[in-house]
Every structure is written in structure tokens, then in C-alpha cells.
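Asks: Prediction below, plus the sequence it came from.
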Amino acid sequence: MSDCGVSIFSNNLSGLTANVTFYPCSGGTINLGDQVFPFTYVTDYWFGSYDCYVPTYAYNYILSVPCPSATPSSTPTSTPTATPTNTATPTDTPTNTPTNTVTNTQTPTNTETTTNTPTNTPTNTETSTPTNTPTNTETPTNTPTPTPTVTINLTPTPTPTNARIPFTVYSGTTHDSACGQYYPLVTIYGNNPQFDYCTQFWNVLNGNSTVDMSGFYNNGQIVVELNSDGIETSSYSLCVTLTPTPTNTETPTNTPTQTQTPTNTETPTNTPTNTPTNTETPTNTPTNTETPTQTITQTQTPTVTSSHTPTPTPTHLRFQFLVFSGNSYIDSCAQLYNAVIYGDSPSFTNNTQFYNNIRGTVSINMSGFYSLNTTVTQLNSGGAQVGSYFSCI
């Protein structure tokens, strides 16, 4: 087990968790996983860059340990050794020169001289020169390199600049209670300039929340549910505005109607009848004749009359914006004065008319400049936009 490594600590980040990735100088990537400041990475090779991502600040802190110079290696040392040369030169030079001279001298004129001169000169020269050449032996010299433990004080610079954005909201324990706006306005802070893009909210501008953030929050009729830490638990939703439909109610009305009803009335009529007989005897025979007589009788006939009963329709609720106002765009960009205005569109830059209330007409003089997240617009006294949107310089 190696005793070498690198220790990383920070006074500002002490106790926070970071996801650490190590990029060695020798190449490659090593994921060190989640580490809590301060922490130590034990290794034989610690040179390179350490990428420390701190979710609390959503910020990457980069720490570099300078890469080492060329790695020391064994240096073979050639030690020259004197080379003695032993030269054995045995020289044998035996020379045998026997000279046999036989001289026979005879006085007679005929002189015969026989001279035998054999000369044997063997010269044996044997020269042996052995040369002993020693072998140069490389003697590796290992120079130990001390490996110290590097301790680095990590001071995060700069401080994360992702400032939180304030939002004025209505809170509630349920979706409907937040939409109903039963409680006073409160201010919360998000991590994105657009309300429905935020993934976490706090009740303070800096640091951790000091209260339980559980509940529902309504900003401009857009609702989000948060857990105790202020983290979004479900997707954003809109408040539902119910528009009642007019109902036709049938109301029975008794209307007197004159109806002519024929009535049969028996009226006796005396009709004289002359009947010739042998005896002239006048006889009166009564005859009943029915004569129709029209009699007017009043009869009440119920008549169904359609009666329309109007039902009140709720007024359209506008979207709320927390802005900074001023007599000039410089004042509004300086964010000196807070104001709440309302528009018909949930997107600030899509509105060309603003109001000072959530329903109804403008009731004050709205002349001036209004900025939201460095976007500025100018309004006239009635809240109508003058010109177009522009940005703070």
C-alpha cells in the first residue's frame, strides 16, 4: 500500500460534498466519486488536475498539481579499467653452421679442390602475444527520489456568481389554496431568472433555507410544489379558471286566454201545423228545435316562457411581475425601487399593456420605466408600452 498521495481541503467548502474527477498528467480519467471536504487521495501518482463539482453551489472548482519533470531513470556508469597487455615473446634462434673443409693438396699440376660447404641456418622465431581485454561493466546507479506528501489548501476563487432571483408568490398547502391567493404575498428566491425554469427555491437570498419550504407556490398563476428543502417535486402547472356557462331556465307563466266554446241550448218553438182532415180541427203541435248558441268562456291555459337568467362570469386573472421602477431607465436598472405590475401574458416581453392590479382597469399613473432581469420597457400613464423592450447597459 502506498503512503503517498494528495490531501485537498478548503475552509470555505469544509463539510460539503463534491463529485471529484482526476485527470492525471500521464493521461486518462479517474473518477474519485463523491468526496467530503477535506479528503485525501492515496496514490503513487497524484500529478494532474482535480475537477471538484460542488452541487450546493452548482460550481466546478479546478485544482492543478503541476506535472513532474522527466522521470529519473537508472543511469549506467561506464568505469574505465586499465587494460594490461601481456606480450610473451619467446625467441629461439639456434644457428648451426658447420663448415667442413677438406683440402687435399697434391703437388702435381692437377689440383683438385673439393669444397663442401653445407650451411644449415634454421631460424625458428615464435612470437605469442596474448592480449587480455577486460569487459566494461555498466554499474547502474539508482538515485532515490524522495516522494513527499503534497498538502494543498484549496481556496475557491471566485465565489459562485449564480445569484438567486426573487419572486413574489402566494403560498398554500394545496394547489387550490395557492391559486385561491388566501394568504399574503411572500418572497422566495430561485436559481433561474424565469420562475417555471427554477429547480430549487429558498426563503433567503444566500445560504440554506431557514424554514420548511414544503407546499405550493403561485407566481402569475403558475404553480410549483416544493419539498422541505425547496426542491421541485413535480412539474409546473397552471391555475384553472372556471368559466360558467349561461343556463336557460324555463319559468311556467299562467296567461289568461279567451277561448270560444260552443254550447248547445234547447229552445222550445211553437210551430203551427195545418193538417187537413175530414174534420177541420185545428191542432197545435209543439216542436222542439235545437238552436246552437255561442257562449264565451274564459279558460286559463299554462304557457311555457323561456326566461334567460345571466350568471356572473369571473374576470380574467392577470400574470404578476416583480419589477424595479424608475423615472428613467438608469433608475430602473439600478434596482432602487420595487414594484408589482400585471400583464395578460405569462412572458414579460410578450406584453404590450400592463396594469397596477390583477383585474380591472389601471387606477394610477403608470408613467415610467420598469425592468425585470435587466430587460426594460417604458410605459405611459395608462400602462401601455412606449417603444420596444431593451436591455440595461
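Replies: Cool, got the structure.

Asks: Could you tell me how many residues sit around C198?
Replies: Neighbour count for C198, taken as other CB atoms under 10 Å: 22. Yep, even glycine has a C-beta here, placed from its N, CA and C like the rest.

Asks: again with the one 3 residues further on
Replies: By the criterion of other CB under 10 Å, F201 has 23 neighbours.

Asks: Quick check on it: phi, psi?
Replies: Backbone torsions of F201, given as degrees, to the nearest 10, read phi -130, psi 160.

Asks: Number the residues from 13 up from this point.
Replies: Yes, from this point I'll number from 13; that puts the last item at F213.

Asks: Distance of it relative to N368?
Replies: According to CB to CB, to the nearest Å, F213 stands 26 Å off from N368.

Asks: got it, and V335?
Replies: 12 Å.

Asks: Compute the first-to-last residue distance for stretch 351-368.
Replies: 9 Å (CA to CA, to the nearest Å).

Asks: How about stretch 24-44?
Replies: End-to-end for stretch 24-44, by CA to CA: 21 Å.

Asks: Averaged pLDDT, it. What do you get?
Replies: In this model, stretch 24-44 carries a mean pLDDT of 94.

Asks: ditto for stretch 394-401
Replies: 95.

Asks: With stretch 358-371 instead?
Replies: 93.

Asks: and what of stretch 218-228?
Replies: Averaging pLDDT along stretch 218-228 yields 95.

Asks: Let me see the residues that make contact with it.
Replies: 176, 183-187, 189-190, 200, 213-216, 235-242 (CB atoms under 8 Å, 6 or more residues apart in numbering).

Asks: Just the ones of those in strands?
Replies: Among these, the members falling in strands are 183-184, 200, 213-214, 235-238 (criterion: DSSP state E).

Asks: Would you tell me which one of those residues comes nearest to A396?
Replies: When the ones in strands among the contacts of stretch 218-228 are compared for distance to A396 (CB to CB), V235 wins out at 29.3 Å.

Asks: Bridge partners for the closest one, pull those for me.
Replies: For V235, the beta-bridge partners are N230, S249 (DSSP bridges).

Asks: so what are the domain limits for the chain?
Replies: The chain breaks down into these domains under automatic domain parsing: 17-77, 177-250, 331-403.

Asks: quick one on the thing from earlier: got a PyMOL select line for the buried ones in the contacts of stretch 218-228?
Replies: In PyMOL syntax, the buried subset of the contacts of stretch 218-228 is picked out as below (16 or more other CB atoms under 10 Å):
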select buried, resi 176+183+184+187+189+190+200+213+214+235+236+237+238+242
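
Asks: how about Y341, phi and psi?
Replies: With angles defined as degrees, to the nearest 10, Y341 sits at phi -70, psi -30.

Asks: what residues are up against it?
Replies: 381, 383, 388, 390, 402, 404.

Asks: hey, C-alpha coordinates of the helix or strand where the second one lies in PDB?
Replies: Assignment of secondary structure by DSSP states H and E places S383 within strand 380-384. This file holds the C-alpha atoms of strand 380-384, laid out as PDB (Å, rounded to 0.1, in the frame of the first residue of the first chain):
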ATOM      1  CA  GLY A 380     -42.100  55.400 -16.100                       C
ATOM      2  CA  PHE A 381     -39.500  52.700 -16.800                       C
ATOM      3  CA  TYR A 382     -39.800  49.100 -15.500                       C
ATOM      4  CA  SER A 383     -37.000  46.500 -15.500                       C
ATOM      5  CA  LEU A 384     -37.200  42.700 -15.000                       C
END
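
Asks: which stretches of this protein have low pLDDT?
Replies: Within the chain, the stretches with pLDDT under 70 are 13-15, 82-174, 253-328.

Asks: ok, back up a step: need the next SSE after the strand holding S383, C-terminal direction.
Replies: Per DSSP H and E, the first helix or strand lying C-terminal to strand 380-384 is strand 387-391.

Asks: Kindly export that following strand (C-alpha atoms) in PDB.
Replies: Taking C-alpha atoms only, strand 387-391 is exported to PDB below (Å, rounded to 0.1, in the frame of the first residue of the first chain):
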ATOM      1  CA  THR A 387     -35.000  43.800 -19.600                       C
ATOM      2  CA  VAL A 388     -36.500  47.300 -19.600                       C
ATOM      3  CA  THR A 389     -39.800  48.700 -21.000                       C
ATOM      4  CA  GLN A 390     -41.300  52.200 -20.900                       C
ATOM      5  CA  LEU A 391     -45.000  52.700 -20.100                       C
END
